[in-house]
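A.B. asks: How does the following fold in three dimensions:
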Amino acid sequence: MQHSNPELWSLAGLTAVSGISALLWPAIAWAATGDIQAYTRTESVWRGGDLVPFKPWFDSGILLFGPALGVVAPFVFVAAFALVLMSRPVRALGPELRLWCACYLGYLLLFLHPQTSTFRMLLPLFPLALSAALISRSRAYRGTVVVMFLLLQIVWIVWLWAWAPLPGGGDYPP
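C.D. replies: Next up, the predicted model:
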C-alpha cells in the first residue's frame, strides 16, 4: 500500500500531537503541585519504588527465566514484536495501526511494570489480532480464528472468576 506525501505528513503530525499529549498530564501535575515529579511519583506508588524506564521488564525477565536468559528476554520480546509488525498480514493493516501498536508497545516498555495486569494492558494491541484474519482468505480459516478468539474470551472470563487473592493478602487479579 503506497501513501502520498500529504498522508505521511498527516501521520507524522498526528504522531507528534499524540506524543505532546502524552506529556500533558505530567505537565498538569507539575503545574498543580509545583513538583516536577508529581506525575511519576504518583504512578510509581503502585509499584512501591521509583520509576526507572525499562528496568521492570528486565527484573521480570530475571524472575521468570533466571539471571542469564532473563536479561535477554526483553530483547527477544521486542525482536519478536518487530517481526510481527513487519509480517505481511500486519502490514496489510496499514501504517496507522502499525504505528499505533509500535508506539503503544514502546510506552508499555518504558513505563509498565509487568504483572498480573499486563494482559489487560496489552488489549489496545488488538489490531494485531485482527491481522490473524488476514493470513488466509479461506472462510474456514477465518471462521476458525473467530471461534478461537471467542473461546479464548471464555478462558479469560473463567480465569477471572476463579481468581482468588494471594494467601498473604494483596490485590493482584489477572
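A.B. asks: all helices of the chain, in order?
C.D. replies: Taking DSSP state H, the helices of the chain run over residues 5-22, 24-33, 38-44, 55-86, 88-91, 95-111, 118-121, 126-130, 139-162.
A.B. asks: Make TSV out of those and add mean pLDDT.
C.D. replies: Formatted as TSV, the helices of the chain follow (pLDDT from 0 to 100):
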stretch	mean pLDDT
helix 5-22	84
helix 24-33	93
helix 38-44	83
helix 55-86	93
helix 88-91	90
helix 95-111	89
helix 118-121	82
helix 126-130	86
helix 139-162	86
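A.B. asks: Rebuild the ones you listed as TSV, extending it with mean neighbour count.
C.D. replies: (Each C-beta comes from the backbone N, C-alpha and C, glycine too.) Below are the helices of the chain laid out as TSV (neighbours: other C-beta atoms under 10 Å):
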stretch	mean neighbour count
helix 5-22	11
helix 24-33	13
helix 38-44	16
helix 55-86	14
helix 88-91	14
helix 95-111	16
helix 118-121	13
helix 126-130	15
helix 139-162	11
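A.B. asks: just checking, Pro127 touches Pro95?
C.D. replies: No. Look at Pro127 against Pro95 with C-beta atoms under 8 Å: they stay out of range, at 11.8 Å.
A.B. asks: measure Gly94 to Leu85 for me?
C.D. replies: Note on Gly94: its distance to Leu85, by C-beta to C-beta, to the nearest Å, is 12 Å.
A.B. asks: Kindly apply the preceding question to Gly143 instead.
C.D. replies: 26 Å.
A.B. asks: what does Glu96 give?
C.D. replies: From Glu96 to Leu85 the distance is 13 Å (C-beta to C-beta).
A.B. asks: Same check on Ala22?
C.D. replies: 20 Å.
A.B. asks: can you check Leu122 too?
C.D. replies: For Leu122, the distance to Leu85 - C-beta to C-beta - is 14 Å.
A.B. asks: before we move on, what about Glu7?
C.D. replies: According to C-beta to C-beta, Glu7 and Leu85 sit 19 Å apart.
A.B. asks: got it, and Ala68?
C.D. replies: Counting by C-beta to C-beta, the gap from Ala68 to Leu85 is 27 Å.
A.B. asks: ok, for Ala132, nearest residue in space, not its chain neighbours?
C.D. replies: Val145 (5.2 Å; C-beta to C-beta, 6 or more residues apart in numbering).
A.B. asks: So that neighbour is in contact with Leu134, correct?
C.D. replies: No. Judged on C-beta under 8 Å, Val145 makes no contact with Leu134 at a distance of 9.7 Å.
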